[in-house]
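Asks: output the structure for:
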Amino acid sequence: EETPLRVVKKDGSRVPFDRQKILAGLLKACEKRPIPVPALEDITDKIEAHIHEKFDREVTAKQIGDMVMEELKKLDKVAYVRFASVYRDFQAVEDFLAELDKMK
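Replies: I've put the predicted structure just below:
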């Protein structure tokens, strides 16, 4: 019997892994960007496969977020910054500028 993969959230709670949450985050970050949905589904597949390959029982939400950010950085810089702003909880313009400086 296979143990379902759990995601450890920032608050320590554990929830079942749900690939749809990854896809939803990608779709939101790429809203109004010239990126076809199949490309986002491919990224979701890639991340899900990596998670199942690397982690047995648990993966942190941070690890998943880092994988999503890495893929978005390669795909579309605007979508990357959008995702980063939510994922890293930007509170001020300086947070955006610091992230943009890292991309230069």
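
Asks: and the next helix or strand past the longest helix along the chain?
Replies: Longest helix in the chain, counting residues (DSSP state H): helix 37-54. Proceeding N to C from helix 37-54, the next assigned helix or strand is strand 58-60, under DSSP states H and E.

Asks: tell me the buried residues in the following helix or strand past that next one?
Replies: Downstream of strand 58-60, the next assigned helix or strand under DSSP H and E is helix 61-75. Residues of helix 61-75 classed as buried under the neighbour-count rule (16 or more other Cβ atoms under 10 Å) are 61, 63-65, 67-69, 71-73, 75. Any C-beta I mention is one placed from the backbone N, CA and C, and that applies to glycine too.

Asks: what mean pLDDT does the longest helix of the chain have?
Replies: For helix 37-54, mean pLDDT rounds to 96.

Asks: what residue lies at the spatial centre of the chain?
Replies: Residue closest to the average C-alpha location in the chain (Cα atoms, centre = their mean): Val68, at 3.0 Å.

Asks: listing request: residues of the protein with sub-threshold pLDDT.
Replies: 1-3 (pLDDT under 70).
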